[in-house]
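Student: Give the three-dimensional model of this entry:
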Amino acid sequence: MTRPILTAAEMRAAEERAIAAGMPVETLMERAGLGVAEAAWRYAGPLPTLVLCGPGNNGGDGYVAARYLRQRGMNVRVAALGEPKAGAAAAAYAAWAGPVVPIEDAAPAPLLIDALFGTGLSRGLDETVAARLASLAEAARIRVSVDLPSGVETDTGALLSPVPRFDLTVTFATLKPAHLLQPAAARCGRIVTVDIGISAQAQLSALSRPDLPPPGPEDHKYTRGLVAVVGGAMPGAGELAALAAAHAGAGYVLLLEPEPHFAPPHAIVRRVTADLGEALADKRIGAVVVGPGLGRGAGAERALAAALDSDRPLVIDGDALHLLADCKPGAPAILTPHEGEFRAMFPDLKQPSKVERARAAAARSGAVVVYKGADTVVAAPDGRAALTGEASTWLSTAGTGDVLSGAIGAMLARGLPPFEAAQAGVWLHGEAARRSGRAFLADDLARHLSDCL
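Tutor: Residues are numbered from 1 along each chain as shown. Purely as a prediction, here's the structure:
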């Protein structure tokens with residue numbers, strides 16, 4: 001199921017639509033605070049609790065949560081930056097029967113709930129407040145944030161001021177970009193989304209498990225997809241991409257090499273070809289992967305030109321991205337740059353949000369862009385985008401990008417549209433990393449793709 005991700009402005013608009021349709025703000029706040037209390041209770045148990053409340057609606061959610069936790073018999077204290085002046089937050093403050101102390105006077109507690117500021121924060125916390133939050137978080141055993149950790153910019157995931165690491169973040173209605181974009185994502189911990197009666201659609205969604213049915217009795221190697229991998233100066237990279245395509249379910253993998261190399265698995269068909277254009281003219285080819293280990297010399301330029309001229313769906317990675325320059329692929333294409341490659345290809349795209357940079361790159365190139373990293377963004381030229389959660393840090397090893405290219409190639413060859421193929425490949429890649437454990441090699445990662453299917 002697709003999970004929409006709303007920006008701060010989109011979330012405000014969704015709330016306003018709900019209110020205009022007859023949903024009182026007080027009801028939304030009551031549901032939000034109850035959701036926070038329930039999630040904190042389930043996660044932490046009956047620990048002595050300190051709730052930090054800001055002067056706005058995020059603080060109002062905190063007062064409601066404190067009230068519900070106290071009703072469960074928990075020892076709850078509240079510290080605040082200031083008293084809410086009006087609206088639903090003031091009503092929530094009035095309904096809290098316990099004392100409220102200034103944040104500078106608050107004593108630590110084993111469970112800390114941060115309800116200072118949430119969605120829409122545009123500037124960092126005051127230095128003394130940020131330092132106090134850090135001190136109280138350090139002293140707590142379990143840290144829970146309401147909506148977003150205080151100090152996080154909603155749309156970009158930037159840290160506007162120092163932000164502690166939380167164990168749990170409870171958000172409302174939908175995810176926000178900062179829940180998945182770094183560096184904020186690493187501060188959020190586990191994320192729970194509470195239904196408060198607001199629904200919304202968005203062009204940005206969280207990447208989800210793809211629907212990849214197994215082959216049927218009528219299928220054969222060509223209906224499952226023929227992936228051609230263009231080898232180059234570093235044969236190991238092309239071999240990894242081919243291995244990944246095979247383990248990701250391609251029915252036939254053809255590795256086109258400038259020189260002969262012999263290595264298992266024998267199921268990968270290796271062909272030394274002097275005329276790459278002729279080899280790629282085979283209409284049975286469902287996807288061409290070009291770039292892993294390609295090199296950047298004259299031979300690599302000719303290989304890329306042949307791939308671009310083939311009219312086959314393309315996955316363009318690695319060295320081919322540096323050679324591509326401003327050329328727009330004529331066939332359906334997926335570009336897979338990491339941060340350095342993205343900057344080299346699109347040096348003028350400096351939007352604060354990684355999502356917006358990816359969208360701009362996709363619109364300019366006419367291709368689907370997989371902007372890789374711990375927070376990979378998949379963007380289509382029409383503005384659709386998908387965002388992954390925090391990736392395994394063990395992916396920071398040589399060859400894992402080649403594996404991703406091969407996996408995406410297999411998805412493209414089986415007939416998925418480029419945007420869906422890219423998402424499916426990214427999901428398989430991340431799940432294979434999770435199953436691979438720690439300190440794995442890219443070869444291990446490729447083999448675990450089979451398990452994920």
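Student: all helices of the stretch 301-450 of the chain, in order?
Tutor: With DSSP state H, counting those that start in this stretch as the criterion, the stretch 301-450 of the chain has helices at 319-324, 339-345, 354-365, 400-413, 418-436, 442-452.
Student: I'd like those helices written out as a markdown table, with distance to residue 192, mean pLDDT and mean neighbour count added.
Tutor: (Glycine included, C-beta is placed from N, CA and C.) Putting those into a markdown table (distance: least, CB to CB, whole Å; pLDDT from 0 to 100; neighbours: other CB atoms under 10 Å) gives the following:
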| stretch | distance to residue 192 | mean pLDDT | mean neighbour count |
| --- | --- | --- | --- |
| helix 319-324 | 38 | 92 | 23 |
| helix 339-345 | 30 | 94 | 16 |
| helix 354-365 | 22 | 96 | 22 |
| helix 400-413 | 29 | 98 | 31 |
| helix 418-436 | 20 | 97 | 23 |
| helix 442-452 | 25 | 95 | 20 |
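Student: Out of the ones you listed, which gets nearest to residue 54?
Tutor: Minimum separation from residue 54 across these (CB to CB) falls at helix 354-365, 26.5 Å.
Student: can you put the helices of the stretch 301-450 of the chain in JSON lines and add distance to residue 57?
Tutor: Putting the helices of the stretch 301-450 of the chain into JSON lines (distance: least, CB to CB, whole Å) gives the following:
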{"stretch": "helix 319-324", "distance to residue 57": "44"}
{"stretch": "helix 339-345", "distance to residue 57": "36"}
{"stretch": "helix 354-365", "distance to residue 57": "25"}
{"stretch": "helix 400-413", "distance to residue 57": "41"}
{"stretch": "helix 418-436", "distance to residue 57": "34"}
{"stretch": "helix 442-452", "distance to residue 57": "41"}
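Student: Quick one: closest of these to residue 176.
Tutor: helix 354-365 (11.4 Å).
Student: Report how many residues lie close to residue 305.
Tutor: Residue 305: 14 surrounding residues under other CB atoms under 10 Å.
Student: right, so of the helices of the stretch 301-450 of the chain, which gets closest to residue 292?
Tutor: Comparing the helices of the stretch 301-450 of the chain under CB to CB, the one sitting nearest is helix 400-413, at 4.1 Å.
Student: which strands and helices sit next to the closest one?
Tutor: Judged by 3 or more CB pairs under 8 Å, 6 or more residues apart in numbering; DSSP states H and E, the packing partners of helix 400-413 are strand 226-230, helix 235-247, strand 285-290, strand 314-316, helix 418-436, helix 442-452.
Student: and that helix, how far out from the chain's middle?
Tutor: Offset of helix 400-413 from its chain centre (CA atoms, centre = their mean, to the nearest Å): 18 Å.
Student: likewise stretch 31-38?
Tutor: On CA atoms, centre = their mean, the centre of stretch 31-38 falls 26 Å from that of its chain.
Student: Mind listing residues that contact it?
Tutor: 60-69, 72, 92, 113, 115, 144, 146, 170, 172, 192, 194-197 (CB atoms under 8 Å, 6 or more residues apart in numbering).
Student: Which of the residues you listed are buried? Put it as a ChimeraX command.
Tutor: Here is the ChimeraX command that selects only those of the contacts of stretch 31-38 that count as buried (16 or more other CB atoms under 10 Å):
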select :60,61,62,63,64,65,66,67,68,69,92,113,115,144,146,170,172,192,194,196
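Student: hmm, back to that, for the helices of the stretch 301-450 of the chain, which one sits closest to residue 128?
Tutor: Closest among the helices of the stretch 301-450 of the chain, using CB to CB: helix 354-365, at 31.2 Å.
Student: Show the contacting residues for the residue nearest in space to the middle of the chain.
Tutor: By CA atoms, centre = their mean, the mean C-alpha position of the chain lies nearest to residue 388, the distance being 1.9 Å. Contact partners of residue 388, counting by CB under 8 Å, 6+ apart, are 180, 206-207, 375-378, 426-427, 430.
Student: what's the closest non-adjacent residue to residue 95?
Tutor: residue 67 (6.2 Å; CB to CB, 6 or more residues apart in numbering).
Student: so that neighbour makes contact with residue 94?
Tutor: No. Counting by CB atoms under 8 Å, residue 67 does not reach residue 94; the two are 10.8 Å apart.
Student: Do a quick rundown of the helices in the stretch 1-150 of the chain.
Tutor: Under DSSP H, counting those that start in this stretch, the stretch 1-150 of the chain gives helices at 8-20, 25-44, 57-71, 87-95, 127-139.
Student: Can you get me the centre-to-centre distance for stretch 3-16 and its chain?
Tutor: 18 Å.
Student: Of all the helices of the stretch 301-450 of the chain, which one is nearest residue 134?
Tutor: Of the helices of the stretch 301-450 of the chain, nearest to residue 134 by CB to CB is helix 354-365, at 26.0 Å.
Student: Which other helices and strands does the closest one contact?
Tutor: Against helix 354-365 (3+ CB pairs under 8 Å, 6+ apart) you get strand 333-335, helix 339-345, strand 368-371, strand 377-379, strand 385-387.
Student: Tell me which residues are up against it.
Tutor: By CB under 8 Å, 6+ apart, helix 354-365 touches 155-157, 177, 181, 204, 328-329, 333, 335, 342, 345-346, 349-351, 368-369, 371, 373, 375, 377-381, 383, 385, 387.
Student: Okay, the closest residue to residue 397 other than its chain neighbours and residue 300: tell me how far apart.
Tutor: The spatial neighbour of residue 397 that comes closest, neighbours along the chain excluded (CB to CB, 6+ apart), is residue 442 at 6.5 Å. Using CB to CB, to the nearest Å, residue 442 is found at 21 Å from residue 300.
Student: Repeat that for residue 237.
Tutor: Here the distance between residue 237 and residue 300 works out to 12 Å (CB to CB).
Student: Looking at the two, which is more packed in?
Tutor: residue 237 (27 against 22).
Student: Lovely, talk soon.
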